[in-house]
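Q: dropping the sequence and predicted coords here.
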Amino acid sequence: MAQILKGAPVAASLTEELTRRVSVLAERGITPKLAIVRVGERDDDLSYERGAEKRCAKVGIEVEKFLLPSDCSQQDLLDAIARVNADASIHGCLMFRPLPKTLDEQAACAALDPAKDMDCITEGSLFGVFAGRPKGFPPCTAEAVMELLRFYGYDLGGANITVIGRSLVIGKPVSMMLQAANATVTMCHTKTRDVAAACKGSEVVVVAAGHMGTFDASCAAPGQTVIDVGINWDESAGKLAGDVDFDAVEPIVSAITPVPGGVGSVTTACLAKHVVEAAERTVS
């Protein structure tokens, strides 16, 4: 039976560390603050917002919301972002996406100050991830993958790791972060001819394809660790499922993350970590 790599203890450990760091900032008269920019009331946005607020409260981070109706104008959104950029008391910003199709999402992302970009939506943040420089922050979910691997004691130096998925949200950033940790990374995507063959020789596989069942028993190998980043709704089972066929893969591999309860449960802790780091940068 595989070890189940749950996210809750990872998030708890991060929360404890961040609470200590917020106390140090408080001694210098600084309270980390997160701005949340939300357009409309999508159910998934509201759910994540509640989780983020709860995590921030545990750590000691203030939250200020900039809420706009779904029919707001582009200028309304840009004005909200400008207020976030101009407010020195705000250290980080989370802007929910996707935005309504009536809005220019690329322009909205570009308007945000990369130093306050907590989830890697600006080109400046992406540059920081790809160049290995502290400019902006990586995506919270990619950071959650790294935190989970660190918590469970994985030595990434020289490790053979396969990443399935090449999006700018997860696949590409996490591959760069893994390489920065000295792992040897193979990337697979929809045009990869033999995904199973690419995965078989890997010690760790990060599955972020966005499609349920992408990683099945044919891809798995004994001794392997599988990190499932996917979140899908399984209509037939009436429950959330990842990109990994958990029931088929779990008996084969050595360790695997569950969905839900794995990587996703660490993301709000990583968001809080970014806000605290952003506040620390203002005094470093």
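A: The structure has been received and is ready for your questions. Please read these numbers as outputs of a predicted model, since none were measured by experiment. Numbers count the residues shown, from 1 in each chain.

Q: use CA for all of it now, contacts and neighbours both
A: Noted.

Q: give the rounded mean pLDDT of the host helix or strand of C199.
A: Counting by DSSP states H and E, the element that carries C199 is helix 195-200. Model confidence over helix 195-200, given as mean pLDDT, is 94.

Q: which SS class is P98?
A: Per DSSP: H, G, I helix; E, B strand; the rest coil, the local secondary structure of P98 is coil.

Q: sorry, wrong one. I was asking about L34.
A: Secondary structure for L34, judged by three-state DSSP, is strand.

Q: please begin residue numbering at 63 from this point
A: Got it, the first residue is 63 from now on, which makes the last one we talked about L96.

Q: partners of it in the sheet?
A: Note on L96: beta-bridge partners by DSSP bridges are V125, G154.

Q: check contacts around it.
A: Taking C-alpha atoms under 8 Å, 6 or more residues apart in numbering, we find L96 in contact with I123, E124, V125, E126, I152, H153, G154, C155, L156, V337.

Q: can you name the element that comes right after the helix holding C261?
A: Per DSSP H and E, helix 257-262 leads on to strand 266-269 as the next helix or strand towards the C-terminus.

Q: against which helices or strands is that following strand packed?
A: Judged by 3 or more C-alpha pairs under 8 Å, 6 or more residues apart in numbering; DSSP states H and E, strand 266-269 is in contact with strand 222-226, strand 287-290.

Q: which of those sits closest to A206?
A: strand 287-290 (10.6 Å; C-alpha to C-alpha).

Q: after the closest one, next one along is what?
A: strand 294-296.

Q: quick one: list the elements packing against that next one.
A: Using 3+ C-alpha pairs under 8 Å, 6+ apart as the test, strand 294-296 ends up in contact with strand 301-303.

Q: list the buried residues in the helix or strand that comes right after the strand it packs on.
A: Using DSSP H and E, the helix or strand that follows strand 301-303 in sequence is helix 308-311. Neighbour counts over helix 308-311 (16 or more other C-alpha atoms under 10 Å) mark F308, V311 as buried.

Q: measure the nearest residue to L174 once chain neighbours are set aside to A73 for me?
A: The shortest distance from L174 to any non-neighbouring residue, by C-alpha to C-alpha, 6 or more residues apart in numbering, is to I143 (6.1 Å). As judged by C-alpha to C-alpha, to the nearest Å, I143 and A73 stand 29 Å apart.

Q: now which of the contacts of L96 would you call buried?
A: Buried members of these, scored by 16+ other C-alpha under 10 Å, are I123, E124, V125, I152, H153, G154, C155, L156, V337.
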